[in-house]
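**Q** Here's a sequence, model it:
(one chain, ligands or ions: 1)
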Amino acid sequence: MSNCLIIGGGIIGMMSARRLTLEGASVTILDRRECGRESSWAGGGIISPLYPWQYDNLTNELSFASQAMYADLCAQLLEDTGVDPQYVKSGLLMMDEYDSTEAMAWMEKYSVSYQSHEQGALFSGIAQVRNPRLLQALKADIVAKGVRIIENIKVNRLVVGSNHALGVKTQNGNYYADNVLVCAGAWSSTILDLESKVFPMKGQMIVLKSKPNKVKHIVLDQGRYIIPRKDGSILVGSTMEDVGFDDSIDTDTKQSLFEFAYQHFPDLNNATIEHHWSGFRPASASGKVILAKHEKFENVFINTGHFRNGLNMAPESANRITQLIIN
Ligand SMILES: Cc1cc2nc3c(=O)[nH]c(=O)nc-3n(C[C@H](O)[C@H](O)[C@H](O)COP(=O)(O)OP(=O)(O)OC[C@H]3O[C@@H](n4cnc5c(N)ncnc54)[C@H](O)[C@@H]3O)c2cc1C
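**A** Reported below is the predicted structural model:
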């Protein structure tokens, strides 16, 4: 089996590395900083699109297939690494949109139902993971499986022959491989020309310190959400800001996320905001996930453009890109 160089060690790069290694490939990941510190760390860890009927068939297929794998995957990672990704089926209480014509048609198409709740619709099958822990477990697991990780190394561009890549050029020289897989999230188009350009869509979030079980389910209302973690921390997100790679955070947003939380749970009025951060979702110009062989270079593959759903879609995206590479 051939070797593969993966550019970018977020959830998509590391999950792809795991799958490729299980299929017998020899894999190296290059990351410009530490693996798992960008969008995949910044996200909320909801294992479902927020309003799934707003997405295309591919997103829905990747989501359903990944959702079916997540519980076993997290249990396996816990067993093999000792790090618990805290997969919890906390359910999602949706307060708006669930009764729209699009929502009804989607639920019929995919045989999804909800329980009526005094405040909306409870989708009890929806789970969450604690994404920073998932990334920690995944990294430990792939290293144990033989993946070579090289951090703090920026890939500048591909090194190409006529219709294929020889490898990549970094600030520390060239790396050569049989196959190159680009999983550089929001930065993917800075490395490679893509037909559908990938660009950053910033999101800000906060986390509140609270007590376990104050909030039972993930709550979604008007595009914003509240995610209760096992230990009582409560994440509140998120904004959608098309501002390039500006990672600044601002106090107005912090306040408005906090207000959103205590308007839904007045008790949280006294909670402390422990942290406030931003991340760059990898958005694509076409609005679609890019899971493909490059149109010009036969041994270059792309797995990116997961936008708001990369944590949710990672396992099946990794399976599909692996099939493309090994076939
Ligand atoms: C606020 C927020 C909330 C979110 N909530 C959820 C959620 O609840 N559920 C969900 O499913 N998704 C969520 N998402 C989306 C999800 O986080 C992303 O879709 C996913 O993390 C994308 O993963 P990735 O591996 O493609 O990108 P990233 O995690 O950004 O990884 C890309 C990696 O590439 C590296 N890289 C970039 N350029 C180079 C280079 N030139 N050379 C070498 N390495 C490079 C980076 O350092 C980085 O490690 C959220 C995102 C945000 C910002």
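**Q** hey, let's count contacts and neighbours off CA atoms from now on
**A** Will do.
**Q** quick one: what helix or strand has Ser111 in it?
**A** With elements taken from DSSP states H and E, nothing contains Ser111; it lies in neither a helix nor a strand.
**Q** do Val159 as well
**A** With DSSP H and E as the criterion, Val159 is inside strand 155-160.
**Q** in that strand, what counts as buried?
**A** Going by neighbour count (16 or more other Cα atoms under 10 Å), the buried part of strand 155-160 is Val155, Leu158.
**Q** Ser113 and Glu316: what is the separation?
**A** For Ser113, the distance to Glu316 under the criterion Cα to Cα, to the nearest Å works out to 23 Å.
**Q** Compare those two (neighbour count), which wins?
**A** When neighbours are counted by other Cα atoms under 10 Å, Ser113 and Glu316 differ, and Glu316 comes out ahead with 24 against 14.
**Q** Quick one: list the elements packing against the strand holding Val159.
**A** The helices and strands touching strand 155-160, judged by 3 or more Cα pairs under 8 Å, 6 or more residues apart in numbering; DSSP states H and E, are strand 165-170, helix 188-191.
**Q** That one pairs with which strands, parallel or anti?
**A** Taking DSSP bridges as the criterion, strand 155-160 pairs within the sheet with strand 165-170 (antiparallel).
**Q** outside of the partner strand, which residues touch it?
**A** In this structure, residues lying in contact with strand 165-170 by Cα atoms under 8 Å, 6 or more residues apart in numbering are 5, 153-160, 174-180, 297-300.
**Q** please redo it, this time with the cut-off set to 10 Å
**A** For strand 165-170, contacts defined as Cα atoms under 10 Å, 6 or more residues apart in numbering pick out 4-7, 30, 32, 153-161, 174-180, 191, 296-300.
**Q** For the ligand, see how far away Gln222 is.
**A** Shown here: Gln222 relative to the ligand, a distance of 15 Å by Cα to the nearest ligand atom, to the nearest Å.
**Q** Just list the residues touching that residue, thanks.
**A** The neighbourhood of Gln222, defined by Cα under 10 Å, 6+ apart, consists of Met94, Met95, Asp96, Glu97.
**Q** For Ile6, give me its contacts.
**A** Neighbouring residues of Ile6 by Cα under 10 Å, 6+ apart: 12-14, 16-17, 27-31, 149, 168, 177, 179-184, 301-302.
**Q** element containing it?
**A** Using DSSP H and E, Ile6 maps to strand 3-7.
**Q** CA atoms only for the very next helix or strand once past that strand, dumped as PDB, please.
**A** Taking DSSP H and E as the definition, the helix or strand that follows strand 3-7 towards the C-terminus is helix 11-22. Extracted in PDB, the C-alpha atoms of helix 11-22 (Å, rounded to 0.1, in the frame of the first residue of the first chain):
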ATOM      1  CA  ILE A  11     -10.600  16.500  12.800                       C
ATOM      2  CA  ILE A  12     -10.700  15.800   9.000                       C
ATOM      3  CA  GLY A  13      -7.000  15.200   8.600                       C
ATOM      4  CA  MET A  14      -6.600  13.100  11.700                       C
ATOM      5  CA  MET A  15      -9.800  11.000  11.000                       C
ATOM      6  CA  SER A  16      -8.600  10.500   7.400                       C
ATOM      7  CA  ALA A  17      -5.200   9.500   8.700                       C
ATOM      8  CA  ARG A  18      -6.800   6.900  11.000                       C
ATOM      9  CA  ARG A  19      -8.800   5.300   8.300                       C
ATOM     10  CA  LEU A  20      -6.000   5.300   5.800                       C
ATOM     11  CA  THR A  21      -3.700   3.600   8.300                       C
ATOM     12  CA  LEU A  22      -6.300   1.000   9.100                       C
END
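**Q** And Ile290, how close does it get to Gly244?
**A** If you measure Ile290 against Gly244 using Cα to Cα, the figure is 20 Å.
**Q** scratch that, Asp56 is what I was asking about
**A** Using Cα to Cα, Asp56 is found at 25 Å from Gly244.
**Q** Thanks a lot, catch you later.
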